[in-house]
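compute the structure for the input listed below.
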Amino acid sequence: LATLQVEARTLAMLRGLLRQLHAACTRLATGARSFPSSVQETAGHVQHGVEGVQASLSHVRSFHDLSGLVLAQSRETVMRAQLSVDELLEYVGQHAPLPWLVGPFAPVLVEYPEDVPVEMAKWEGCITVGGTHGV
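The predicted structure follows:
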């Protein structure tokens, strides 16, 4: 019984991650509309691949329902999507203007001279990418 509960939770977590990934890919495809058609096409392929993996795993109730072929195809699709996203990031890094990447509400960057130690107490409670982090 415990194994079934672990499987159910793992599959639910996988579906949740796939939903988040799909939402990110949708935003990526929408954001790519201002780029050349080859970039838009790559973003569309990534989104389509994630949708395929999501569809393959949506009705699975147990790991026993997954064939080796489905797992291999899903793994391959995710690897291709990762490579495509890497290509998109490289393109954006080389061709997008900085305000497009950073946005109008970016925090002011502060530079400190190398010989002046930064007081870490100032950064306590800062909100980081991963959430709230106390130093």
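
from the contact counts, what lies against the top helix by length along the chain?
Determined from DSSP state H, the single longest helix within the chain is helix 2-31. Helices and strands in packing contact with helix 2-31 are listed as helix 37-57, helix 68-95; criterion 3 or more Cβ pairs under 8 Å, 6 or more residues apart in numbering; DSSP states H and E. Where you see a C-beta, it was placed from the backbone N, CA and C, and this is true even at glycine.

count of neighbours near Gln73?
Gln73 is flanked by 15 other residues according to other Cβ atoms under 10 Å.

how far away is the nearest residue to it once chain neighbours are set aside from Ala2?
Sequence neighbours aside, Ser56 is the residue nearest to Gln73 in space, at 7.2 Å (criterion: Cβ to Cβ, 6 or more residues apart in numbering). When distances are taken as Cβ to Cβ, to the nearest Å, Ser56 and Ala2 turn out to be 26 Å apart.
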